[in-house]
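A.B. asks: this one's sequence-less:
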C-alpha cells in the first residue's frame, strides 16, 4: 500500500507544482511573445544569432517567443512605433526613443561600454586614414542605421562632408557593406564593430581598420506597454542574471555579448538627440 | 491441278497470322511498357518539379517570413505561379494563418500532402513543406499542381504510341502479306507441280529465276522430276515387259492347262478304248480258256488268275480314266460329276461330313469351265483331306445368271494367310480361276477353318 501511496503523492505534487507554475507565470499569454529584432544583418543571420537567446528565454519564461524582424530599418521602425507589433524589442540605440514614445519600456541593455562603427579598407588599399576617403565610395548599411549616423558624425568631425566629399553607398546589411569592399565594389566600408568582429576570419584578414567612430550606447531591450510589469520584470531579471548560469553564459557567448544590465532610457534619449532634431521626427 | 488447302492449314495464312499475332503481342507489350514509362516519367517529373519548387520557395520564403515581408514575398511568388502546371500556392505563417494565396486555393480543409502525383484523391497534387530559417519553423508553404497537363501529355503520348503501333501493325501486315504471298506463291507453284507429278505429268517444271532457298528447292525439284520421269519411264518399260511376260506366261499356263486337259481326255479315251478293249478281250479269252479246260484244275486256276488280274487292271485303268477325265462330266454335266466326286471323296473320308448344294442351271457352261470348276473342287477336297482334318465341309455352287459362285468351306485347322505362302495346289487353283477371268478369295484363321470363294463371270 505504501508503495502505491508514495508515487501517487509525487505525481500529485508534480501536477500541483506545474499548475502553480502556470497560474503564476506572469508572461503566460494566449499568443507567443514576439521578439522584434532590428534587421541589422540578414534575416537568416538574425535567426541563427538570436535563436539560442530566444530559446533560453522561452524555456525560462515557459512561454513561446518568436523572432521577427522587418524588411528594412524604416519598416522596422514603423512597425515598432506605429503598429507596436513587437512584444519584446531589440532595436538600435537611436531608434529606442521613438519606440519609447510608443510605449516601449526599457528593461535592459547589452552590458558593454558601447558600440562604435569602424571604417575598413582592403589591406592593400592606398587609403590610410579618414581623409583619404575623399572622393571614394564608402559602403554603409542604411541611411537610418546607427553606423551611418556615427560615421557621418565622424566624417563631419574630420571636416569631411559625407554628402559631397565622398559617395556613400547604402547596402542592405553590415555584412553586405563589408563584402562590397572586400570584393572591390566599394573603396571602403563603414559598419558597426560587432558585425565586423562576427564577419569571417578570411574576410577580416584581408581588411584593415583605418578609423573608429565614437561609442554609442549598446543595444537596448524594451517591452511593449501591453506586457505586464511583472512579465517585464521577469524578463529583465532573466537577462541581467544570464551570466550567472552556465546556460546563460553559453547564450551570451553565442551572441558575443558579455551580458545584460539595467539601463536608463535617458542615455538613449541623449544619444539620439545628437542625431535627430525635433523636426526630423 | 489445283490443290485446295483449308485456310487455316495454309502455310501462307499461318505465316501471316503468326507474324501478325507476334507483332501485335510484342507491340502491345512495347506500347504498354512505353505508356508505363511515360506515366512514370511524367509522374516523377511532376513530383521532382513540385518538390524542387516547394523546396526553393520554402528556402526563399524564410527570410521574408522572419521579416514578415509578405508583400515582397508575394511579388516574388507571383512569378512562380505563372508555371503552367501550378494551380495554387499558399503561404501560412507560424500560427497557420494563410498570409499569401495565389491561385484558387481549395475551399475545403487544408489539402493533405500527396505522396505522388499518381496517388492524388482530387486530381491535384498537393504538397506542403515547412518554411525554416536556421532550423526554426517560420511557416508553411502549400502548392498544388494540376494533373490535367500531365494527363494530357500522357494521353497524347499514349495516343501517339498506339498510333505508331497501329501503323506498324498495318505495315507489318501489308509487308507480311506481300512477302507471304510472294514466298508461298512459289511454294504453291512447287506444290501444284508436285501434284502434277503425282498425277503422272512429268513434263511440268517450276520457275527458277530467283536463286533463293525456294529457287534452289525449285531447281532441285525440277532435277528430281527429271530423274523421276526417267526412272518412271524405265519402270514403265520394265513393267510393260513384265506385264507382257506375265500375260504370255498366263496364256502359256492356260494353254498348258488346256493341253493338259486335252491330253488327259485323250489318254482317258485311249485307255478306255484301247486298254479297256484289250482287257475285255483278255478276260473273255481267259473265260474261254477256263471253259475249254475240261475242268483241268491247273488251267482253270490260271484262267481264273488271269481273269482276276485283268479285272484288277481294269479297275485300276477305270480309276485312272476317271481321274484323267471323269466321264460323267462330259455325259451328265458339272453337278453330277461333282456329286460323283464328292461321293467318292466321302467314301474315302467317312469321318468328314460333306454337304454339297447347288442353285441354278449349269448345263450351259463350257467344257473348259466345267473341267476347271471340277478340278478346283477336286483340289479343294484333296487339300481338305490332306491338311484340314475338318469334320464338316460345305460346298456351294450357284449360278446367278451373271456369274458362277463357288464356295468351299471347312471347319478344320485353318491357317494364317499372312504367314503361309500359297502352295502349288492353291497357285494352280488361282491359275484356273484366272483362266476363266474370275476371282479367288481365301479367308482363313488358325482354328477357324478355310473358306475359298470363287467368282467367275459368265460374260
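C.D. replies: Everything's here; your move. All values reported here derive from a predicted model rather than from experimental measurement.

A.B. asks: check which helices and strands the host helix or strand of residue B:154 sits against.
C.D. replies: Secondary structure from DSSP states H and E places residue B:154 in helix B:148-198. Judged by 3 or more CB pairs under 8 Å, 6 or more residues apart in numbering or on different chains; DSSP states H and E, the packing partners of helix B:148-198 are helix B:11-66, helix B:213-270. The way it works is simple: take the backbone N, C-alpha and C, and place the C-beta from them, glycine included.

A.B. asks: need the winner for burial among these.
C.D. replies: Of all those, helix B:11-66 has the most neighbours on average by mean count of other CB atoms under 10 Å in any protein chain shown, namely a mean of 17.

A.B. asks: quick one: mean pLDDT for it?
C.D. replies: Helix B:11-66 comes out with an average pLDDT of 87.

A.B. asks: just checking, what packs against that helix?
C.D. replies: helix A:43-61, helix B:70-80, strand B:86-92, strand B:124-133, strand B:136-146, helix B:148-198.

A.B. asks: got the angle for that helix vs helix B:70-80?
C.D. replies: With axes from the mean of the first three to the mean of the last three CA atoms, to 10 degrees as the basis, helix B:11-66 and helix B:70-80 are set at 160 degrees to each other.

A.B. asks: what about helix B:11-66, distance to the chain center?
C.D. replies: 53 Å (CA atoms, centre = their mean, to the nearest Å).

A.B. asks: hmm, who's touching stretch A:141-157?
C.D. replies: By CB atoms under 8 Å, 6 or more residues apart in numbering or on different chains, the residues outside stretch A:141-157 that reach it are A:40, A:72-74, A:77, A:92-94, A:115-117, A:119, A:130, A:133, A:138, A:140, A:161-162, A:165-166, A:168, A:170-174, A:176-177, A:190-192, A:211, A:213-214, A:216, A:274-275.

A.B. asks: pLDDT score for residue 169?
C.D. replies: I'll assume chain A. At residue A:169, pLDDT is 92.

A.B. asks: actually it's chain B I care about, not the one you picked
C.D. replies: Residue B:169 is given a pLDDT of 84.

A.B. asks: what comes into contact with the worst-scoring helix or strand of chain B on mean pLDDT?
C.D. replies: Across the helices and strands of chain B, the lowest-confidence element by mean pLDDT, DSSP states H and E is helix B:327-332, at a mean of 81. By CB under 8 Å, 6+ apart, the residues outside helix B:327-332 that reach it are B:268, B:272, B:321, B:336, B:337, B:340, B:367, B:370, B:371, B:374.

A.B. asks: same thing but at 10 Å, please
C.D. replies: B:265, B:268-269, B:272, B:318, B:321-322, B:326, B:334-341, B:363, B:367, B:370-371, B:373-374 (CB atoms under 10 Å, 6 or more residues apart in numbering or on different chains).

A.B. asks: that one: which residues count as buried?
C.D. replies: B:327, B:328, B:329 (16 or more other CB atoms under 10 Å in any protein chain shown).

A.B. asks: where does chain A come near chain B, residue by residue?
C.D. replies: Selection of chain A residues close to chain B by CB under 10 Å from any CB of the partner chain yields A:31-32, A:34, A:36-37, A:39, A:42-51, A:54-55, A:64, A:66-72, A:75-76, A:79, A:85.

A.B. asks: filter the residues you listed down to the buried ones and express that as a ChimeraX selection.
C.D. replies: Selecting the buried subset of the residues of chain A next to chain B in ChimeraX, with 16+ other CB under 10 Å as the burial test, is done by:
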select /A:34,36,37,39,42,43,45,46,47,48,49,50,51,54,66,67,68,69,70,71,75,76,79,85
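
A.B. asks: ok, so of the buried residues of helix B:327-332, who is nearest residue B:31?
C.D. replies: residue B:329 (94.9 Å; CB to CB).

A.B. asks: where's the closest one relative to residue B:349, distance?
C.D. replies: 21 Å (CB to CB, to the nearest Å).

A.B. asks: now residue B:22
C.D. replies: 79 Å.

A.B. asks: which one of the buried residues of helix B:327-332 is nearest residue B:146?
C.D. replies: residue B:329 (119.1 Å).

A.B. asks: count of neighbours near the residue lying closest to that closest one once chain neighbours are set aside?
C.D. replies: Closest residue to residue B:329 apart from its sequence neighbours, by CB to CB, 6 or more residues apart in numbering or on different chains: residue B:337 at 3.8 Å. Per other CB atoms under 10 Å in any protein chain shown, the neighbour tally for residue B:337 reads 23.

A.B. asks: contact partners for residue B:337?
C.D. replies: B:322, B:326-331, B:370-371, B:373-374, B:377-378.

A.B. asks: break down chain A into its helices, ranges please.
C.D. replies: Counting by DSSP state H, chain A has helices at residues A:2-23, A:43-61, A:73-78, A:96-101, A:146-157, A:174-182, A:193-198, A:201-205, A:229-240, A:246-255, A:265-273.

A.B. asks: of those, which shows the lowest average pLDDT?
C.D. replies: Across the helices of chain A, helix A:2-23 gives the lowest mean pLDDT, at a mean of 43.

A.B. asks: buried subset of the contacts of helix B:327-332, written for PyMOL?
C.D. replies: Typed into PyMOL, the line below selects the buried ones among the contacts of helix B:327-332, using 16+ other CB under 10 Å:
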select buried, chain B and resi 265+268+272+318+321+322+326+334+335+337+338+340+341+370+371+373+374
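
A.B. asks: which residue sits closest to residue B:100, ignoring its sequence neighbours?
C.D. replies: Using CB to CB, 6+ apart, the closest residue to residue B:100 is residue B:91 (3.9 Å).

A.B. asks: report the separation between the closest residue to residue B:381 other than its chain neighbours and residue A:229.
C.D. replies: Residue nearest to residue B:381 in three dimensions, not counting chain neighbours: residue B:345, with 4.7 Å by CB to CB, 6+ apart. Distance of residue B:345 to residue A:229, given as CB to CB: 160 Å.
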